[in-house]
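Novice: Structure of the sequence below:
(chains A and B)
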Amino acid sequence: MNIGEEQRGDVILLAPEGRLDSNTAPAFEARLMERIKNGGTRLVIDFSQLDYVSSAGLRVLLMAAKRLKAAKGSLALCSMKEYIHKVFKISGFLPIFTVVDDIDAAIAAVSS
Amino acid sequence: MTEAAENPLLRLAGDAVSTSSQEWIAAIEELISREQPFLAYDLCRRAEKRFPDQMEIRLLAIFSLLRGHSSGAARQALADISGWESAVKHSSRELELLAEIHYLCWEQLGAGDDLHRSQSLHSELFEQGGKGACRHGSEAAIMGWCLGQRENAAAIARALVEECGRDAEGESAEQRFQRLLYQGHGALVLDLGDEALAAYRQAVRESGRDYRPVVAGLHQLRAMERMGLTVPEQVAEILKPPRIVIFGGPLIDPPGLDEAIFPPAKEAPLRRAIAERLEEIDARIGYSSAACGSDLLFIEEMLKRDGEVHLVLPCALPDFIEARVSYAGEQWEARLRAVLPRAATVGYATGERYLGHNALLRYANHIITGVGWLRGDLLLTRPHLLAVWDYRAVNSPGSSSDFIDHWPDITTLHLIELDELALEGDDPGQVPGPPADQEPMQPERTIHTMLFADVVGYSKMGEEYLPNWFKLLDQIKTLCADLDTQPELVEAWGDAFYVVMPNARALVKYAFLLRDAFSQLDHRSFGLPQQLNVRIGLHAGPVFKDLHPLSQRVVYSGRQVNRAARIEPITMPGEVYASQDLVALLTAEENTVKHELQVLEAPYTPWYKAEYLGVIELPKKHGKPPVYHILPAVDQSRSDMAERMQIHLKNDLSELMRLTQALESFGEENQLTEQEVLDFNLSLDELVTNAISYGFDDEGEHSIRLGLWLDGDWLRAELKDDGKPFNPLETAPPDLSADLEERNIGGLGVYFVRELMDEVVYRRHQGHNVLTLAKRRSIVEPPSNN
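Specialist: Prediction:
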C-alpha cells in the first residue's frame, strides 16, 4: 500500500492511499507504529486518498489512538470520504476520534 | 413399480358440478399426502376455476408446486397473492399452509425473508395453541435461532420445552413420541444437549416398531443441522433408522452340473446362516428377487422377523416361475406364492415376457441395488449387502456377483460362503428337472436409457423461424461434442427429441446439457422471437434394437420406450424428471464408480441429486411409476444466469482485491448504486477475512465461493466455505458506548454485516458454512456521477 508522508513542524502527516482492509492493514500498521515508537506524538492521518476502510483498518487506528493517548500524544483524522465517514459512524468511532474536515483543522487539533 | 390406490382425481371428475369446495380440498390433500404433487396441482387449477375466492385452494396449489420443486412458478403465484397475505385475517389452516410455503421457498430459493415470514407464522400458530402447537413452537424456535434472533428463539424454546413436558390425556403412542421429540428440539435450541438426549431417549421408548416417526425426527434434525444448530453425536445412537438389507444369492442347482454349488441338502444350513446374519445386522427392510433357493430363504426369514420385504422380479410372473422357480420342485412355487402377498411391494424390471434374455436378470439385480439405495437415502440409512457366494460359481448375469462386484463399501458387505456349509440329511436332494432351456429370441433385448424432450413455445413460432431454430440446435450439437459418451440415436419430430444412450450416467449428463442450453443460451440472439423452454423425461429399461423394415434405420422398440415417452408430458418446463428405474440404474452405476474410486483411494464427488417426487400417474394407462427430480449437485440455475456472478476466492487475504473488482464490475453491469456496491463489499470483506483468518486449521489451499445475484427488489449474496463450522452471527456485538481505553475491535466486522444488510442467515450444509446476505434495493435511480 502506498502511504504518503510529510512532516510539518512536530506533526507527522500520513496519507494512506486506496484501500485499508485486512490485506493492506499490516503495512499501514507497521508504518504507524514505527512513527509512534520513534517518538512521534502528534499525528494527522489524511484520508483524502483513501477509498475504503474495513474493521481491520479501524483496528490499526484504534491501536494507534490508544498508544498515543498513553504517551500523552494526539491524533486527528481528516478529509474523509462519505462512505468512510458512514463506517466510522456505524462503528461508534466518531465520538472517540478527532475527525475534522481538512488538514489545517487537523494540524490545529493536534497542536493545541 | 409400486401399486397406488384409487385416484381421487378420477373420482371427482365425474361429479364436478355438485362437489363442494371442502370435497375438492379433501381430494387435493389426499393427493399431496400420497406424494402426487403434479396431480394435486392440476386438481387445484380446476378447483380454482370453480371456487376463485377460496384462498385455501390457491395456497394448496402453491404448496403442490413447491412439493414438485417448481419453485420459480410457486414464487410467481405467491407474488400474485401478496396483497391478500398482508391484508386479510386468516384461518389457522391458511396460516399453516403459508408457513409451510415460505419455509419451502426458503429451502429451495434461499431467500431469508421467506424464512422470516415462516418463522413469524409458526410463532403465531404456537401462541394460538391447540393441536399441532408443539410442532409450530419447534419450527418457530429453530427458525428464529437460524435467523439470529437468539433471545426470541430461546423464549419460544423455553415455552416449548415446558409445553411438551406435560403429559396430554388420551394421546396415542405416536403423539407422545412427537411431543417428546419437540421437547428435545427445544432443548437443543437452548443448548441443553443432555436434556435433549434424555427427551429423545424417552421418545424412542415410546415409538414401538414403526420406524416412520423416528425417520421423520431424523429428517428434522438434519434440517436443524443445515440451519447451523449443533446436534450432539450421541443422537445417532438413540434415533436409529431401520437397517436395509439388499440380498443376492444362487438358485438351487439344476440337475446335470459338473460340480454341486447349491444342492437341496444345503437348504437347512443356509437358512440358519441367513437367519443368524439377519439378526447380527438387525435387518428390518429387505430388497431381493424371489428365485428358488437363496432368495426365498431370505424372504421367509425376513418375514419371520416381522421385516418389510420388497421384491423386484426380472419379468412377468409366469415366465419367472418357469425359468427361476418351479424346476426345483412344486414346493418352491408354492412357497413363492405364499410370500408374494406378504411383500410390501412387488416390482418388475419389465412386465413383459422373459424370452430367454439374460440381460433382464442382471438389470433386475441392478434395480434391486438401486432401489435399496434410494430407499436408504429417504430413510437416512446406508443399506447393507448380504450375499451368498461360492467361489466356484460362474459369474453369469443374475448371480450374486452382480451385487458383490459393484458394492461400494466393504464395511457394509456381508458374505455367506456356501462352500463352507456342510450337507445335511441323507437325501442327496435331486431336483426334478432342469429349467426350461430357452433359446433366446432374436434380437436380444439390451438395457438402454432414453430421453424424451419437448420444446415449450415451439408450436407458436412461425415457419420463418425454422432456419434460426436450426442455428440454435447447431449450437447445442457443438456443446454435445464435449460429452464423454455420444448418443446412440437422436430423433426429432418438430418440437420433440428422442435420445437413446447406453447407460444412465451418460443420459443424465446429456439431459443437463440440454436443460442448460435452454435456460442459459440467449435464444433471441439466434433470431428467435422468444426464449424457449424444454420439458425432459428420462427412463431406462430393456429394449429391442433392430433395423426398421420400412425405414431401414436402427430403431429401439418395446413397451419401455413408450413409457419413457409418457413421463415427459407431466413434467414442468426447465427441469429434468426420471422414472425410478432410471434413477435406480444410475445409482447402481454410480456405486460402481464409487467402488472403483475406493480401490484407487480417490475421493468421490457427487455430481447430481435425485429428489423423490412421488408416485405419478402417467397418461394413457402407462402406470404409476415413482418419479424423481434430477438436478446437478450444485445448481447454478436457481436464478437468471445473466444476472448472476460467481467467483472462487482462495484463502489468501490478497484475494480481497479480486472481490472488490468482481463487485465493481457486477455493479456496473447491473446498474447498482455506489452505496450498494460498497455495502456488499464491506460485508463480504469482513466475512471473507474472518473465514480466511480463522476458518481453516490446515495450511492448505481452500476455495471460498461467492455468488451474487439480483432477485426482484433484492440484491443477494451467498458465501460458502469448507472451513470448520463457524456461525459468525453468534459473535458477541461490540460495546459501542465504550470510551477509547475500553473500546476493542472484536465483533465489529460482523456488526457491520448486520447493520448494512437487511438479512443475514447462516447454515451448515454438507460440510460447508453457508451465509446468505440480502439487501432490499432502494428505489433504483439512473446511475449518477456524484
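Novice: Do a quick rundown of the helices in the stretch 401-550 of chain B.
Specialist: B:401-404, B:466-480, B:504-520 (DSSP state H, counting those that start in this stretch).
Novice: Mean neighbour count and distance to chain A added to the ones you listed, as JSON lines?
Specialist: No exception for glycine: its C-beta is placed from N, CA and C like everyone else's. As requested, those are exported to JSON lines (neighbours: other CB atoms under 10 Å in any protein chain shown; distance: least, CB to the nearest CB, whole Å):
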{"stretch": "helix B:401-404", "mean neighbour count": "20", "distance to chain A": "54"}
{"stretch": "helix B:466-480", "mean neighbour count": "14", "distance to chain A": "39"}
{"stretch": "helix B:504-520", "mean neighbour count": "21", "distance to chain A": "34"}
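Novice: and those helices as JSON lines, adding mean pLDDT?
Specialist: Compiled in JSON lines, these are given as follows (pLDDT from 0 to 100):
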{"stretch": "helix B:401-404", "mean pLDDT": "91"}
{"stretch": "helix B:466-480", "mean pLDDT": "92"}
{"stretch": "helix B:504-520", "mean pLDDT": "92"}
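Novice: May I see these arranged in CSV, with distance to B:Pro263 as well?
Specialist: Shown next, in CSV, are the helices of the stretch 401-550 of chain B (distance: least, CB to CB, whole Å):
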stretch, distance to B:Pro263
helix B:401-404, 20
helix B:466-480, 54
helix B:504-520, 38
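Novice: just so I know, which of those helices lies nearest B:Asp295?
Specialist: B:Asp295 lies closest to helix B:401-404 among the helices of the stretch 401-550 of chain B, at 11.9 Å (CB to CB).
Novice: Provide a list of residues in contact with the residue in chain A that chain B sits nearest to.
Specialist: Closest to chain B within chain A is A:Gly92: 3.4 Å, counting by CB to the nearest CB. Residues near A:Gly92 by CB atoms under 8 Å, 6 or more residues apart in numbering or on different chains: B:Pro734, B:Leu736, B:Ser737.
Novice: Just give me the neighbour total for the residue in the stretch 51-200 of chain B that chain A sits nearest to.
Specialist: As assessed by CB to the nearest CB, chain A sits closest to B:Gly148 within the stretch 51-200 of chain B, at 17.7 Å. By other CB atoms under 10 Å in any protein chain shown, the residues close to B:Gly148 number 20.
Novice: what pLDDT does the residue lying closest to it once chain neighbours are set aside get?
Specialist: Closest residue in space to B:Gly148, ignoring its immediate chain neighbours: B:Leu729 at 4.2 Å, by CB to CB, 6 or more residues apart in numbering or on different chains. What the model reports for B:Leu729 is a pLDDT of 82.
Novice: can I assume B:Leu729 is in contact with B:Glu759?
Specialist: No - B:Leu729 is not in contact with B:Glu759 according to CB atoms under 8 Å; the separation is 11.0 Å.
Novice: quick one: terminal-to-terminal distance for stretch B:231-246?
Specialist: Stretch B:231-246 has its terminal residues 30 Å apart, counting by CA to CA, to the nearest Å.
Novice: ok now that stretch, how far from the chain's centre?
Specialist: Chain-centre distance of stretch B:231-246: 19 Å, with CA atoms, centre = their mean, to the nearest Å.
Novice: need the residues of chain B near chain A, please.
Specialist: B:653-654, B:656-657, B:660, B:674-675, B:678, B:681-682, B:685-686, B:689, B:692-693, B:734, B:736-737, B:739-741, B:743-745, B:748-749, B:751-752, B:755-756 (CB under 8 Å from any CB of the partner chain).
Novice: follow-up on the earlier one: what residues does the residue of the stretch 51-200 of chain B closest to chain A make contact with?
Specialist: Going by CB under 8 Å, 6+ apart, the list of residues near B:Gly148 reads B:Leu729, B:Arg754, B:Val760, B:Val761, B:Tyr762.
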